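Visitor: show me the folded form of this:
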Amino acid sequence: MNIYSKPYYKYYIIVPLVLAVLSIVLLPFVPKGVDLTGGTSISAVVPNTVDISEDQIKTELADLGLNDLRVSVADNPLNNQRMYIIEFSNVQSELNQTDVVSEIKQRLSSLLGVRVEDITVQEIGPAIGKSFWESGLRAMGLAFLFMAAVVFLTFRELAPSTYVISAAILDVLYALLGMAIFKIPLSLATIAALLMLIGYSVDTDILLTNRVLKRIEGSVDDRLHSAMKTGITMSLTTIGALAVLVFASWILHIQTLLFIGATLMFGLIGDLASTWMMNAVILKWWATRKS
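Guide: Numbers count the residues shown, from 1 in each chain. Below you'll find the model as predicted:
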């Protein structure tokens, strides 16, 4: 069934637009990681026989007044070790930062059965975090700029090039929507995932635009339908691979891979809407009007 031959095809665009509005509304609720805001990261490596949960550590540290406290666990099956990572942005208590860090190390030592001197502390100042944040924003801006230039040189048409860029922007918003809902922090790792997402988004939209504008066989509806079958097959294959990555990372407590995989998966699921329910609809309208 060719969904683009239906008389109501223009209404498909409502879905990606509603998702875009929801993404913008929830954008302020995307948490930032310690590497972007500044803060302290404390890690301890123990044998994987130690079975202390994240909630137990949070309960143990609850009275220290730690803001944005996050606890994660990463297993390494190759050497049978487990790493506990405690991150917080700042301290609101009668103790100063140095005393709080010392107290956390003492408590972790007792709770996890590890020596105090084997616990690693890394502090990122607010200025460095701000620098990382600004660098990430510049990288995103340059990615969109170069992407726009390549797309325009490919099609030599302003309108379809604009549609491709718009779809990529929406994909990033959809990824941020998923991050806001599931409390995945915006960090250097997830910014890298967003940059990868931009590249994938352009790939599917160029496939669509190339099929519609540069092929001459069949009607516009037929070319749209052909592009959709190919594009959705590509996207579902990638989403399936990412789902396996996310599941494996969750089982093995590999937090960084979990966040990267989930961010990409959110964006690619959103790409199905932005490409095939918005960009395809606008391209059909534009190509039909042009002809």
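
Visitor: quick one: stretch 202-209 to chain centroid distance?
Guide: Here stretch 202-209 is found 20 Å from its chain centre; the criterion is Cα atoms, centre = their mean, to the nearest Å.

Visitor: my error: substitute stretch 215-227 in the last question.
Guide: That offset, for stretch 215-227, works out to 33 Å (Cα atoms, centre = their mean).

Visitor: average model confidence for it?
Guide: Confidence for stretch 215-227, expressed as mean pLDDT, is 84.

Visitor: of all the residues in stretch 157-169, which ones are buried?
Guide: For stretch 157-169, the buried set under the neighbour-count rule, 16 or more other Cβ atoms under 10 Å, comprises 160, 161, 163, 164, 165, 166, 167, 168. Where you see a C-beta, it was placed from the backbone N, CA and C, and this is true even at glycine.

Visitor: dump those residues into JSON lines; add pLDDT, distance to residue 23 and secondary structure as well.
Guide: Below are the buried residues of stretch 157-169 laid out as JSON lines (pLDDT from 0 to 100; distance: Cβ to Cβ, whole Å; DSSP: H, G, I helix; E, B strand; the rest coil):
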{"residue": "160", "pLDDT": "80", "distance to residue 23": "23", "secondary structure": "helix"}
{"residue": "161", "pLDDT": "83", "distance to residue 23": "23", "secondary structure": "helix"}
{"residue": "163", "pLDDT": "85", "distance to residue 23": "18", "secondary structure": "helix"}
{"residue": "164", "pLDDT": "85", "distance to residue 23": "19", "secondary structure": "helix"}
{"residue": "165", "pLDDT": "87", "distance to residue 23": "17", "secondary structure": "helix"}
{"residue": "166", "pLDDT": "90", "distance to residue 23": "13", "secondary structure": "helix"}
{"residue": "167", "pLDDT": "90", "distance to residue 23": "14", "secondary structure": "helix"}
{"residue": "168", "pLDDT": "89", "distance to residue 23": "14", "secondary structure": "helix"}
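
Visitor: ok, of those residues, which one's closest to residue 98?
Guide: Distance to residue 98 across those (Cβ to Cβ) is lowest for residue 168, with 45.3 Å.

Visitor: three-state assignment of residue 216?
Guide: Using DSSP: H, G, I helix; E, B strand; the rest coil, the structure places residue 216 in coil.

Visitor: which residues of this protein score low on pLDDT?
Guide: 78, 91-97, 291 (pLDDT under 70).

Visitor: what's the single longest helix in it?
Guide: In the chain, assigned by DSSP state H, the helix with the most residues is helix 220-252.

Visitor: name the next helix or strand downstream of it, please.
Guide: helix 255-273 (DSSP states H and E).

Visitor: just the helices in the stretch 1-150 of the chain please.
Guide: All helices of the stretch 1-150 of the chain, identified by DSSP state H, counting those that start in this stretch, fall at 14-26, 34-37, 54-61, 97-112, 126-155.

Visitor: quick check: which of those helices is buried the most?
Guide: Comparing those by mean neighbour count (mean count of other Cβ atoms under 10 Å), helix 34-37 ranks first with a mean of 22.

Visitor: contact partners of that one?
Guide: By Cβ atoms under 8 Å, 6 or more residues apart in numbering, the residues outside helix 34-37 that reach it are 40-41, 68, 70, 87-89, 124, 126, 129, 132-133, 136, 186-188.

Visitor: before we move on, the earlier item: for residue 271, find the nearest of the helices of the stretch 1-150 of the chain.
Guide: Short answer: helix 14-26, nearest of the helices of the stretch 1-150 of the chain by Cβ to Cβ, at 9.8 Å.

Visitor: how about CSV for the helices of the stretch 1-150 of the chain, with distance to residue 231 added?
Guide: Converted to CSV, the helices of the stretch 1-150 of the chain look like this (distance: least, Cβ to Cβ, whole Å):
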stretch, distance to residue 231
helix 14-26, 15
helix 34-37, 33
helix 54-61, 39
helix 97-112, 48
helix 126-155, 16
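
Visitor: helices or strands up against the longest helix of the chain?
Guide: helix 188-214, helix 255-273, helix 280-290 (3 or more Cβ pairs under 8 Å, 6 or more residues apart in numbering; DSSP states H and E).

Visitor: most neighbours per residue, which of these?
Guide: Most buried of those, by mean neighbour count (mean count of other Cβ under 10 Å): helix 255-273, with a mean of 23.

Visitor: mind giving me the domain split of the chain?
Guide: Residue ranges for the domains of the chain, per automatic domain parsing: 3-32+127-290, 39-124.

Visitor: end to end, how far does the shortest one reach?
Guide: When you say that, I think you mean domain 39-124. Domain 39-124 has an end-to-end distance of 5 Å (Cα to Cα, to the nearest Å).
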